[in-house]
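K.L.:
please find the sequence and the predicted model below.
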Amino acid sequence: MAGSGRRRRAARVLLLDEQDRLLLLRGFDPAEPGVTWWLTPGGGLEPGEDVRAAALRELAEETGLRNVELGPLVAYGTVSFSFRGERFEQEQWFHLARTRETTVDFTGAGAEEHALLLAARWWTIEELRAGGETVYPSGLADFVERLLADGPPVTPVRL
């Protein structure tokens with residue numbers, strides 16, 4: 001139910017490589033064993049941190065990727081979810097970014113976070129469309145395809 005969870009702000013990154021593949025991380029919730037999903041890198045803002053700084057920090061922590069060209073904010077949204085039995089309502093902002101590096105290293109993630117990240121994968125639009133996996137946010141393939149065709153929107157769009 002919207003509005004019933006702990007509020008949190010998050011920065012997320014739509015990271016594309018030189019072949020226009022999108023990096024997604026496979027995660028899980030220990031409260032729901034056997035259920036996994038793919039999501040964009042990113043996470044909660046720390047006190048006093050802005051969205052851009054949080055996006056760069058989270059990307060480095062979760063993936064080890066630091067040589068990234070962080071572009072504009074392209075989307076935002078609010079999502080309600082449960083994690084470890086706690087409800088959250090998360091306001092999230094998505095930066096578009098580019099990198100030439102594609103080797104992901106989870107060792108920079110804290111021990112707790114590292115245990116919750118199972119894999120990293122670079123996805124083509126076609127692979128995202130093929131389905132068979134849960135991917136957040138929904139509609140990601142269509143949105144990234146529009147970004148690639150039309151470039152970033154003038155103002156961020158709601159996902």
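P.N.:
Yep, it's here.

K.L.:
what about the top helix by length along the chain, distance to the chain center?
P.N.:
Across the chain, the longest stretch assigned as helix under DSSP state H is helix 51-63. Once both centres are worked out by C-alpha atoms, centre = their mean, to the nearest Å, helix 51-63 turns out to sit 10 Å from its chain's centre.

K.L.:
check stretch 90-100 too.
P.N.:
Worked out by C-alpha atoms, centre = their mean, stretch 90-100 lies 7 Å from the chain centre.

K.L.:
before we move on, what about stretch 76-83?
P.N.:
Counting by C-alpha atoms, centre = their mean, stretch 76-83 is centred 12 Å from the centre of its parent chain.

K.L.:
same thing with stretch 120-130?
P.N.:
Taking C-alpha atoms, centre = their mean, one finds stretch 120-130 lying 14 Å from the centre of the chain it belongs to.

K.L.:
buried set for the longest helix of the chain?
P.N.:
Val51, Ala54, Ala55, Leu56, Arg57, Glu58, Leu59, Ala60, Glu61, Glu62, Thr63 (16 or more other C-beta atoms under 10 Å). C-beta: built from backbone N, CA, C; applies to glycine.
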